[in-house]
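# This is a predicted model, with the sequence first.
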Amino acid sequence: MSAHFTFESLATKCGLKSVPAEWPELWEAFQKSPPDSSFSLDATFVAEVSAFCQFSDEIVSLLQEAASQVRSEPLLETATRFLFAQFHSTPPPDYQTIAAWPFVAQPLDPPASLIPALALLAGIPGIRQDHASRRIPESVTRSTLLDMEVWIRTFHRQHRKWGLSELNWLSHHWNGRLFRIGRMQFMHGNFPDAVRVFKRVTTGQILAFAEPGQTRYRRDGLADGTQDVFDPQAWSPTFEITSTTLSGHPINPLGYVNPKAISLPSSEWIQILAPGDPMLDMHIPEGGAMEFEACGKSLREALLFFDTYFPEKPAAKTFFCKTWFFDWQFQQILPPTSNIVLVQREFYRYPIVSNEKEAFRRIFGGMPVNLHTAPRDTSLRRAMLDFTLAGNHLRCAAGFRLVDAPTWGSAPYQTQPVEFNA
């Protein structure tokens, strides 16, 4: 890089508005450093890595065109190299840091909007090398990296132009934390919420309790603030375990916390899951049906995958997920054979602060301007619209499935909904 560009020229060219305070200094230092020989955007390279990731022809053509335009404009190529360097710095930037970058927080216009995609492409050889060093199958690497196309298309749906802004999410893929195993994606992590889970020694019954924490609960058992509704009589859960008793507010597996505390003989129960315990964080990538048996196979293979290729990590105690389709109300509005219903019944769910926006974002691309004229071309869309137009509201929930749970398909945690008196 022989030419020197000011940070102001970068901001003007790419349309950057709010930028991290340290970026101008990093930009100057970057231009004084030797170029990274591993970085490439030539046509052959773009074609090879795109083919490896199995991108569609449309996305390959898009990336080829963007790379050609960047190569022809030295400032844009320098910007791509800069973003590549920041993304692959040591130690790698965390999720929140990346989320504040203008290429993430601000929907830019092409070609600047595609600079993140090109920076990710340039890092694919390093990912392949890292995965190969662990003997991770290439099929897993390919299916994991294919998520990049999903988010390019999501950007296009949301902004009616091509780009990519999900660098913070894709950092999990590119840094070797997240892997797609069959239908689902998984990350090894630590159980994050104030929930403790116990097993009854004699029967194997599973019972979760809400621990005191930041979340307060309404009288209906949902997290206070769900759908921006706050209960003046919201309450905080209690939990205590002594040599004789286990007492606190139990969680109904459908996703409610009981406002009435209970007390059980502690000698009859053993704790099997607590905050901070190792887990596999499950995510549902867009695209393809959530075929029930394929989902169960994905969970089984994920356990084997992490045990085999990451033996240094502690064995997971549970699967965990926060998602819109864990809302038990889908059991009211969808048939019992629905994959959404069948999958959610395999998890023990609990409430989180949420609203209906995530469900509509995933299924409609955002909240429809007019619910009466929104598309009704699938049974799920029709069910969601009818339910909402009737004055109801969907929400999200969190859930866990213990790794030693009974066979997939047994719905091991299900009970009837707990009735609460408002």
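Great, that's in hand. Numbering: from 1, shown residues only.
# Pretty sure L167 sits against I98.
Yes - counting by Cβ atoms under 8 Å, I98 is a contact partner of L167 at 5.2 Å. For every residue, glycine as well, the C-beta is placed using N, CA and C.
# Quick check: neighbours shared by those two?
87, 104 (Cβ atoms under 8 Å, 6 or more residues apart in numbering).
# Next up, the contacts around the residue nearest to K17 when sequence neighbours are not counted.
In space, K17 comes closest to Q106 once its chain neighbours are excluded; the distance is 5.8 Å by Cβ to Cβ, 6 or more residues apart in numbering. Contacts of Q106 were listed using Cβ under 8 Å, 6+ apart, and they are 15-18, 165.
# same question, M367
356-357, 360-361.
# rerun that using 6 Å as the cut-off
F360 (Cβ atoms under 6 Å, 6 or more residues apart in numbering).
# My reading is that it is in a strand; is that accurate?
No - membership of M367 in a strand is not supported by DSSP: H, G, I helix; E, B strand; the rest coil, which gives coil.
# Next up, identify which helix or strand F319 is on.
strand 318-323 (DSSP states H and E).
# Which other helices and strands does that strand contact?
strand 278-283, strand 397-402 (3 or more Cβ pairs under 6 Å, 6 or more residues apart in numbering; DSSP states H and E).
# Buried deepest among these, which one?
Using mean count of other Cβ atoms under 10 Å, the stretch among these with the largest mean neighbour count is strand 397-402, at a mean of 23.
# Which positions within stretch 15-22 qualify as buried?
Residues 16, 19 are the ones in stretch 15-22 that count as buried (16 or more other Cβ atoms under 10 Å).
# strands paired with the strand holding F319, and their directions?
Strand pairing for strand 318-323, determined by DSSP bridges: strand 278-283 (parallel), strand 397-402 (antiparallel).
# Residues contacting the last one, please?
Taking contacts as Cβ under 6 Å, 6+ apart, the residues outside strand 397-402 that touch it are 255, 318-322, 326-327, 346-350, 352.
# OK, contacts around the residue most central in space within the chain?
Nearest to the geometric centre of the chain sits H283, at 5.2 Å (Cα atoms, centre = their mean). By Cβ under 6 Å, 6+ apart, H283 lies in contact with Q185.
# Which pLDDT value does the model give it?
Looking at H283, its pLDDT is 96.
# Turn the contacts of strand 397-402 into CSV, including distance to E293.
Below are the contacts of strand 397-402 laid out as CSV (distance: Cβ to Cβ, whole Å):
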residue, distance to E293
G255, 24
T318, 21
F319, 16
F320, 21
C321, 18
K322, 23
F326, 19
D327, 23
E346, 12
F347, 16
Y348, 21
R349, 21
Y350, 26
I352, 28
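# Among these, find me the one that's closest to G225.
Of all the contacts of strand 397-402, I352 has the smallest distance to G225: 9.8 Å, by Cβ to Cβ.
# which ones are touching P412?
405-406.
# swap in A302?
With Cβ under 6 Å, 6+ apart, A302 has these contacts: 181, 186, 280.
# Repeat that for L121.
V49.
# average model confidence for the helix or strand containing it?
In this structure, L121 sits in helix 115-122 according to DSSP H and E. Across helix 115-122, the average pLDDT comes to 97.
# I'd like to know how many residues surround G287.
Neighbour count of G287, defined by other Cβ atoms under 10 Å: 11.
# just K199 next, same as before
18.
# what's across from it in the sheet?
Residues in beta-bridge contact with K199 (DSSP bridges): I206, I270.
# Please report how far it lies from L273.
Counting by Cβ to Cβ, to the nearest Å, the gap from K199 to L273 is 9 Å.
# part of a strand, is W408?
No - W408 is assigned coil when assessed by three-state DSSP, not a strand.
# My guess is it contacts G296. True?
Yes - between W408 and G296 there is a contact under Cβ atoms under 6 Å: 3.3 Å.
# Show me the shaky parts of this structure.
1-2, 415-422 (pLDDT under 70).
# So which bits of the helix of greatest length in it are buried?
Longest helix in the chain, counting residues (DSSP state H): helix 292-309. Applying a neighbour-count criterion of 16+ other Cβ under 10 Å, the buried positions in helix 292-309 are 292, 295-299, 301-303, 305-306.
# If you compare the directions of that helix and strand 278-283, what angle comes out?
140 degrees (axes from the mean of the first three to the mean of the last three Cα atoms, to 10 degrees).
# ok, and what's touching stretch 244-258?
207-210, 217, 221, 237-240, 261-264, 266, 269, 328, 348-351, 397, 413, 415, 417-418.
# Please narrow the residues you listed to those residing in strands.
207-210, 239-240, 262-264, 269, 348-351, 397 (DSSP state E).
# Which of those sits closest to F45?
Minimum distance to F45 across these is 43.6 Å, recorded for A397 (Cβ to Cβ).
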